[in-house]
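A.B. asks: When you get a sec, could you give me coordinates for this:
(2 chains)
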Amino acid sequence: MDIKVNVRESGDAYVVELGGEIDVYTSPKVKDAITELIDQGHYNLVINLEKVRYIDSTGLGVLIGGLKRVREHGGTVSLVCTNPQIRKIFDITGLVKIFGIYDDETEAQKALV
Amino acid sequence: MTKVTAEAKSLGTVDLRIPSKAEWVAVARLTVAAIANRLPFTVEDIEDLKLAIAEACTYVIQAGGEREHIDITCDTGSDFLTIRVRDHGAIHPESAPRRPSGGSVEGLGIFLIQALMDDVKHTPEGESGGELVMTKRVGS
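C.D. replies: Got it, this is the predicted structure:
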């Protein structure tokens, strides 16, 4: 089981590209990456979940925590996700109403502006 | 709603004991997926089962306490899978919110279990805790 975290700058935003499985064991690594970006003053984030095969409530909790923090600074988080199983989890939990979820990074980045 | 009679239709039982640590949750998840794969569940059903067992284990781990391990029993039938997770008092589904709101993380795991499984029951067993028993039926 692994999680890959790749952070890169893209225009006015930062993209956090995640790959693998996000669960109670791996979510701290994701949280650290997002927290580091926010601590550095980056409040507009695109989190790309296209290579994520699995996410549980701890992963959702990390995303929610990140969103709450950037909103305090007038920023936001857009998600990229087309995996139907993962989108289903956002639907069930009602998080589709809280996050903007897009099919690709270009759309997600446009939504930040 | 059809009542599942595990004894009558049982195809076999698998017991699993994992250390009560985050790095072992994936083992429970993959084991349940392998068991479910032997039954006529869809890929989507199997993903639901993986998430449900992971959430149950995560809940026990995050509840802390003196637990060294988590005991999981999978009862298989021709059209159902019942998973029992001995929680030693950690899980209280009745206290979970009907649906998380406002981005609340509290109760999200238990909420997901209730949403993804067909039956979820918590059986108190006194001071030693109880069991979370959850069933997924084929074609539900």
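A.B. asks: Could you point out which residue ranges in chain B have low pLDDT?
C.D. replies: B:1-9, B:64-66, B:88-106, B:124-130 (pLDDT under 70).
A.B. asks: Distance-wise, check the residue nearest the centre of it relative to residue B:59.
C.D. replies: Taking CA atoms, centre = their mean, the centroid of chain B lies closest to residue B:53, which sits 4.1 Å from it. Distance, residue B:53 to residue B:59, using CB to CB, to the nearest Å: 11 Å. C-beta: built from backbone N, CA, C; applies to glycine.
A.B. asks: can you check residue A:41 too?
C.D. replies: 35 Å.
A.B. asks: Over to residue B:13?
C.D. replies: 23 Å.
A.B. asks: With neighbour numbers in mind, choose between those two.
C.D. replies: Neighbour count, other CB atoms under 10 Å in any protein chain shown: between residue B:13 and residue B:59, residue B:59 has more, with 24 against 13.
A.B. asks: Just the buried positions in whichever strand or helix holds the more buried one, please.
C.D. replies: Using DSSP states H and E, residue B:59 falls within helix B:43-63. Within helix B:43-63, the residues that count as buried by 16 or more other CB atoms under 10 Å in any protein chain shown are B:45-61.
A.B. asks: ranges for the helices of the chain?
C.D. replies: Reading this off chain A. Secondary structure of chain A (DSSP state H): helices at A:27-39, A:57-71, A:84-93, A:105-110.
A.B. asks: oops, chain B please
C.D. replies: B:6-9, B:25-37, B:43-63, B:108-116.
A.B. asks: Any idea which of those helices gets closest to residue A:14?
C.D. replies: helix B:108-116 (25.6 Å; CB to CB).
A.B. asks: Relative to the whole chain's centre, how far out is the closest one?
C.D. replies: Taking CA atoms, centre = their mean, to the nearest Å, one finds helix B:108-116 lying 10 Å from the centre of the chain it belongs to.
A.B. asks: Can you tell me which helices and strands that helix packs against?
C.D. replies: Contacting helix B:108-116 under the criterion 3 or more CB pairs under 8 Å, 6 or more residues apart in numbering or on different chains; DSSP states H and E are the following elements: helix A:57-71, helix A:84-93, helix B:43-63, strand B:130-137.
A.B. asks: How about residue A:101, nearest residue that isn't a chain neighbour?
C.D. replies: residue A:79 (4.7 Å; CB to CB, 6 or more residues apart in numbering or on different chains).
A.B. asks: Equivalent analysis for residue A:87, please.
C.D. replies: residue A:81 (5.7 Å).
A.B. asks: Distance of the spatially most central residue of chain A relative to residue A:68?
C.D. replies: Nearest residue to the geometric centre of chain A (CA atoms, centre = their mean): residue A:47, 3.3 Å. The gap separating residue A:47 from residue A:68 is 14 Å, by CB to CB.
A.B. asks: chain center to the one helix or strand in chain A whose mean pLDDT sits lowest: distance?
C.D. replies: Lowest by mean pLDDT, DSSP states H and E among the helices and strands of chain A is helix A:105-110, with a mean of 93. Computed by CA atoms, centre = their mean, the separation of helix A:105-110 from the middle of its chain amounts to 13 Å.
A.B. asks: So which residues make contact with that helix?
C.D. replies: A:10-11, A:13, A:15, A:46, A:48, A:78-80, A:100, A:102 (CB atoms under 8 Å, 6 or more residues apart in numbering or on different chains).
A.B. asks: List the neighbouring strands of the longest strand anywhere in chain A plus their orientation.
C.D. replies: Ranked by number of residues, the top strand in chain A under DSSP state E is strand A:44-55. Partner strands for strand A:44-55, per DSSP bridges, with pairing direction: strand A:13-22 (parallel), strand A:76-80 (parallel).
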